[in-house]
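Undergrad: Structure, please.
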Amino acid sequence: MGYTAIESKVQLGQLLVARQVVTPDQVEDALAEQTRTGHQKLLGEILIGKGYCTENEVAAALAECYGVPYAKIGPKICDPKAIEVLPREFCEEHAILPLFRVNNTLTLAVSEPANLFLFDQIEHLTGYKVQVVCATAKDILATLRAYSPTANVFVIAESLEDKGLEDFALVQSGAPQAEAGGHAGEKLPSGPLAEAANQSTVVGLVNYLLCEAVRQHAASLHIEPDDKSMRVRYRVDGKLCEKSRPPYQMHAAIISRIKIMAGLDVAQHRLAQEGNLRVMVDDRPVDLRVSIMPGTWGEKAAIRVVDLQKRLMALESLGFTIENLQRFRQVIQSPYGLVVVAGPAGSGKKTTLRAALSELNRDDVNVCTVEDPLECPLPGVNQFEVNTSMGGEFARTLRHVLRQDPDIIMLSEIRDQDTANIAVQAALTGCFVLSTLYTHNAPLAVRRLLDLNVPSYLASDALLGILAQRLVRKICPSCKQAYEPSGSIRRAVANLGQEIPQYYRGTGCTLCRNTGYTGQIALHELLVPDDAIKEMINERATPSQLRARAIEKGMVSMALDGIEKVKAGIISIEEVLRTVQWES
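TA: Residues are numbered from 1 along each chain as shown. As a prediction, this is how the structure comes out:
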């Protein structure tokens, strides 16, 4: 193959110094640590870990060291058919990526160009001559994820941010088909709408809207037609905000483009459709859950954004008070029983469940989940999705999972009578079960279980705790200012027996898009039934009676939890008033 083995450890450091990327002292420091740790890491890894240089700088230097080209790779320059030449697991294990094949030569992106044995092995496996380019492991793995099996993957690299909507021409239904925006191997539907949907202006606009939704950390994107207009809105920090108003004449083509990307029927306009797709935005994969539904003025699209690289949050980062965090951790350490996280849609219930599972997941326990849909991969957890398209049901899937000998089960939702009864029986017979319910507070979750025909004596025995929560917006730190609230707000706070010495709110700035808020935090109330409350559940006490008893036993309501966060200057009193029910 013509590769020359050289002593990369010294030469890499010398080359980085010659390029003025690092200093000689930094190289010596990294070499000393490498010796001290028994050469467990490469020199480049240590330099990157210490923040002395970037992964791209190391890759470019390695390429020069070994006399191979350096390439900044991405899905747009990769042939999907070439990836299939090698097993995906093999590519991920060695951080390699087949880019393309010309005649009998396979061009391969690698993160470590010194591994000559690996290149010989690949030549033997594929029967092709190998030509190497050097790239970062991050870019290689991101591109591999972009072409994951069975996923509709679209690479969104271009942004139309510099173009105004007035620059978009009217799209006619009979426009000629364009190839822009497709990817290799994509089979596009035919017909006038499909041709219009694949014009470069439509493709560019849809790509831009999706790209901006991801970059603005929107939870969902909505494309809504009216009589003679159309608007696009993003849900950011729990609130919908208008993004743009494209020309109404583009509506049919935009919806058709989204259908094509999600693998839906472009010709179907009378029935609701649902689909999924994956996009690459800034070299990271993002899943989009698409719902198309016909309305009075045309089809409306709602697209949920699921960022696959969003880090798994720890319980400490979810807004718990110290007391609630300690009590919740005590509850979830129980060997068996049922824990419910309650709240309306979009209140962060599943985020809390995933954070709890991350603490409970150990090598000596079997953790299983039943989800519909499956949104976030959890390392070391056996996750099962309810396949409704094949006749699957939530309760039936749960029964099958119980035969998998689980220690811990997480249900994305208790949605029907069968699921509720199976979950309670599992909690009483040795499994620890976590799930969610759609109720506004903790006592109402008890009523919901009883309404699902769970016997009260079983519910009282199984329930270990109910955590109710809501998400509220945090004050933007860049424009946070003190202010004096109205008399009605002060009276409402006084009715709770509370006093807030200083009120804060955001005045609006470019960082928060002039909303005064950035990010969200949860308000909680945690009901842990004692013997008296269990007896009340068994006797089917009303939610107000359960609430009064729980507060008497020390439960802090969501309103009071919000007041504490107002005192700390984290949220505004208006957010608490908007979000939770107050009890005097």
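Undergrad: so how many other residues sit close to Gln502?
TA: Per other C-beta atoms under 10 Å, the neighbour tally for Gln502 reads 10. Any C-beta I mention is one placed from the backbone N, CA and C, and that applies to glycine too.
Undergrad: Equivalent analysis for Leu437, please.
TA: When neighbours are counted by other C-beta under 10 Å, Leu437 comes out with 23.
Undergrad: Just list the residues touching it, thanks.
TA: With contact taken as C-beta atoms under 8 Å, 6 or more residues apart in numbering, Leu437 is in contact with 340-342, 413-414, 445, 448-449.
Undergrad: any idea how far it lies from Tyr457?
TA: 19 Å (C-beta to C-beta, to the nearest Å).
Undergrad: the helices in the stretch 451-584 of the chain, which residues?
TA: With DSSP state H, counting those that start in this stretch as the criterion, the stretch 451-584 of the chain has helices at 456-462, 487-495, 531-538, 543-552, 558-567, 573-579.
Undergrad: tell me which residues in the fourth one are buried?
TA: So the one you mean is helix 543-552. For helix 543-552, the neighbour count (16 or more other C-beta atoms under 10 Å) marks 543, 546-547, 549-551 as buried.
Undergrad: Check the first one too.
TA: Residues of helix 456-462 classed as buried by neighbour count (16+ other C-beta under 10 Å): 456, 458-462.
Undergrad: Closest one of those to Pro87?
TA: Ala462 (45.3 Å; C-beta to C-beta).
Undergrad: Quick one: residues contacting that closest one.
TA: 337-338, 424, 427-428.
Undergrad: looking at the chain, which helix or strand does the model trust least?
TA: For the chain, using mean pLDDT, DSSP states H and E, the weakest element among its helices and strands is strand 153-156, scoring a mean of 56.
Undergrad: Go through the contacts of Ala462 and name the one nearest Asp405.
TA: Ala427 (15.8 Å).
Undergrad: so which helix or strand takes in that closest one?
TA: Using DSSP states H and E, the element containing Ala427 is helix 417-428.
Undergrad: list the helices and strands that helix packs on?
TA: Packing contacts for helix 417-428, counted by 3 or more C-beta pairs under 8 Å, 6 or more residues apart in numbering; DSSP states H and E, involve strand 337-342, helix 394-402, strand 408-411, strand 432-437, helix 456-462.
Undergrad: Mind listing residues that contact the first one?
TA: Think strand 337-342. Strand 337-342 is contacted from outside by 331-332, 349, 352-353, 356, 414, 423-424, 427, 432-442, 444-445, 448-449, 462-469, using C-beta under 8 Å, 6+ apart.
Undergrad: In JSON lines: the helices of the stretch 451-584 of the chain, plus mean pLDDT.
TA: Below are the helices of the stretch 451-584 of the chain laid out as JSON lines (pLDDT from 0 to 100):
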{"stretch": "helix 456-462", "mean pLDDT": "96"}
{"stretch": "helix 487-495", "mean pLDDT": "88"}
{"stretch": "helix 531-538", "mean pLDDT": "96"}
{"stretch": "helix 543-552", "mean pLDDT": "94"}
{"stretch": "helix 558-567", "mean pLDDT": "94"}
{"stretch": "helix 573-579", "mean pLDDT": "90"}
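Undergrad: possible to save these as JSON lines with distance to Cys134?
TA: Below are those laid out as JSON lines (distance: least, C-beta to C-beta, whole Å):
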{"stretch": "helix 456-462", "distance to Cys134": "57"}
{"stretch": "helix 487-495", "distance to Cys134": "61"}
{"stretch": "helix 531-538", "distance to Cys134": "64"}
{"stretch": "helix 543-552", "distance to Cys134": "61"}
{"stretch": "helix 558-567", "distance to Cys134": "49"}
{"stretch": "helix 573-579", "distance to Cys134": "50"}
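Undergrad: Tell me which of these sits nearest to Val110.
TA: helix 558-567 (49.6 Å).
Undergrad: where does the stretch 1-150 of the chain have low pLDDT?
TA: 1-10, 76, 147-150 (pLDDT under 70).
Undergrad: scratch that, the stretch 151-300 of the chain is what I was asking about
TA: 151-196, 198.
Undergrad: For it, just list every one of the strands.
TA: 153-156, 220-225, 230-236, 239-244, 273-281, 284-295, 298-307 (DSSP state E, counting those that start in this stretch).
Undergrad: Packing partners of the longest helix along the chain?
TA: Ranked by residue count under DSSP state H, the longest helix found in the chain is helix 200-215. In terms of contacts (3+ C-beta pairs under 8 Å, 6+ apart), helix 200-215 is packed against strand 153-156, strand 220-225, strand 230-236, strand 239-244, helix 251-262, strand 273-281, strand 298-307.
Undergrad: As a markdown table, those with distance to Gly67 would be great.
TA: As requested, those are exported to a markdown table (distance: least, C-beta to C-beta, whole Å):
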| stretch | distance to Gly67 |
| --- | --- |
| strand 153-156 | 30 |
| strand 220-225 | 47 |
| strand 230-236 | 48 |
| strand 239-244 | 49 |
| helix 251-262 | 42 |
| strand 273-281 | 31 |
| strand 298-307 | 39 |
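Undergrad: How many residues are close by Glu123?
TA: Neighbour number of Glu123 under other C-beta under 10 Å is 15.
Undergrad: That one and Phe117 touch, don't they?
TA: No - applying C-beta atoms under 8 Å, one finds Glu123 not in contact with Phe117, separated by 10.9 Å.
Undergrad: So Ser334 sits against Phe432, correct?
TA: Yes - counting by C-beta under 8 Å, Ser334 sits close enough to Phe432 to count as a contact (6.3 Å).
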